[in-house]
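Q: coords please:
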Amino acid sequence: MQYRIDPKSGNKLSILGYGCMRFPRNLGQIDMNKSEKLILKAIENGVNYFDTAYIYGGSEEVLGTILHKNNVRNKIFIATKLPHVKCQSYEDFDTLFKTQLERLHTDYIDYYLIHNLSDTKNWNRLIELGIEKWIAEKKKSGEIKQIGFSFHGMYDEFLSLLDAYSWDFCQIQYNYVNTHYQAGTAGLKKAAEKGIPVIIMEPLLGGKLANGLPQKAANLFKNANSKLTPAAWALRWLWNHEEVSVVLSGMNDDAQVNENLELADNSLPNMLANEESKIYDAVTEAFRASYKIPCTGCNYCMPCPQKINIPACFSAYNMSYTVGFLSGIQQYVTSVGATNPNANHSPSNCIKCGKCEKHCPQHIQIRDSLNVVSKRMEPFWFKTAMKMFVRLRG
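A: Predicted coordinates for the structure are as follows:
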């Protein structure tokens, strides 16, 4: 395992971090046994940064239980996040934080983030509630070691937030197709210039850069080096940046852990040759040409009042371009329950309430996008075919 030094604390951080939002699940619930095996394997092989959050359903509890049961809490750094939208008073900071400590079976958090801080307006609201005083008290008591923020917003706001407080670290979305999106490359370099460690989330864009590449893009990687998977290419690109401290990966099976561990053993800053950089440029061009809606499948937009599975609809729509229309339609039928007259949750049922858009970290115009999805994925013959299918089945 390669490590990079956190210049603020002096901590040695594994370049591969464990993103705990996508633990393996069984019937909707996190699979404790599988998660335990994956977590322990990661720790045994040098992974020491584990990222979770208050709103990652069950994630904090599972991580805390596993660390406590196996007595390995002191071998790792725990990163978790304050859901600032739930904070309406000073007391809320303590209430939420106490719950997180209990879930995680710990009395301190190594890396604590203000979750999804998108602009200085939200930060100033927290200041009015007294968050600076609260942070100072928690750092003095040792309950919080390092304070930072995770960012989903515009580049200018990222710069403003960097200067708004004496942060110990930050977390940004970054990958080879998002170099000019949100904080982007410029934001990464600005944070590094200030001596702030940068943690990377969405390195695979919710899996899209691993399993959702259009065929042309996948072939470019394969022809350049058939031994590397698309996921490996994406991670190596990030670790090539010396400004990157940790790359979070939401590993949910043994194969992913094994591959990522092997990559993290051998990845160094500035390791990519010019020829490889040109391949990323070509892949990015092919990806952007076919990928229409930049949804990462984070599910922050859910649940929908109309029970529309928004991420699944977007995934099927994108697949109809990247893989083929038939494949997209097949996924779409399942996603909206089109063959069940009592559970048809088509995007055309959207009531335009806008609840989803308030929570989307990608700032997708979800209501408009659902309309676009409906038009492409539900042509006249599709609706007729589904009505006939339901009639025959009945």
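Q: Near Ile131, how many other residues are there?
A: Neighbours of Ile131 under the rule other Cβ atoms under 10 Å: 20. From N, CA and C alone the C-beta is placed, and that goes for glycine too.
Q: Quick check, it in contact with Leu96.
A: No: contact between Ile131 and Leu96 fails when scored by Cβ atoms under 8 Å: they sit 11.7 Å apart.
Q: can you give me phi and psi for Met201?
A: Geometry field for Met201 lists phi and psi as phi -110, psi 160, criterion degrees, to the nearest 10.
Q: thinking again about what came up before, who touches both of Ile131 and Leu96?
A: Residues within reach of Ile131 and of Leu96 at once, by Cβ atoms under 8 Å, 6 or more residues apart in numbering, are Cys87.
Q: just checking, what's the longest helix in the protein?
A: If each helix of the chain is counted by residues according to DSSP state H, the longest one is helix 274-290.
Q: hmm, who's touching that one?
A: 176-177, 209, 213-214, 216-217, 220-221, 224, 233, 237, 321-322.
Q: in the stretch 201-350 of the chain, which spans are helices?
A: Defined through DSSP state H, counting those that start in this stretch, the helices belonging to the stretch 201-350 of the chain, from first to last, are 208-211, 215-224, 230-239, 254-266, 274-290, 310-322, 325-336.
Q: can you put those in a markdown table and add mean pLDDT?
A: Converted to a markdown table, the helices of the stretch 201-350 of the chain look like this (pLDDT from 0 to 100):
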| stretch | mean pLDDT |
| --- | --- |
| helix 208-211 | 85 |
| helix 215-224 | 91 |
| helix 230-239 | 94 |
| helix 254-266 | 93 |
| helix 274-290 | 87 |
| helix 310-322 | 83 |
| helix 325-336 | 76 |
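Q: mind putting the ones you listed in TSV, mean neighbour count and distance to Ile78 included?
A: Converted to TSV, the helices of the stretch 201-350 of the chain look like this (neighbours: other Cβ atoms under 10 Å; distance: least, Cβ to Cβ, whole Å):
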stretch	mean neighbour count	distance to Ile78
helix 208-211	20	26
helix 215-224	17	34
helix 230-239	22	22
helix 254-266	16	19
helix 274-290	15	33
helix 310-322	22	27
helix 325-336	18	35
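Q: Looking at those, which is nearest to Asn70?
A: helix 254-266 (16.2 Å; Cβ to Cβ).
Q: right, and the helix or strand after the biggest strand by length in the chain?
A: For the chain, the longest strand by residue count, based on DSSP state E, is strand 144-151. The first helix or strand that comes after strand 144-151 along the chain, using DSSP states H and E, is helix 155-164.
Q: And the helices in the stretch 1-150 of the chain?
A: Under the criterion DSSP H, counting those that start in this stretch, the stretch 1-150 of the chain carries helices at the ranges 32-44, 59-69, 90-104, 120-129, 131-141.
Q: The ones you listed: which one's closest to Lys75?
A: Scanning those with Cβ to Cβ as the criterion, the closest one proves to be helix 32-44, at 5.8 Å.
Q: Next, the angle from the longest helix of the chain to helix 230-239.
A: Helix 274-290 and helix 230-239 meet at an angle of 120 degrees, taking axes from the mean of the first three to the mean of the last three Cα atoms, to 10 degrees as the criterion.
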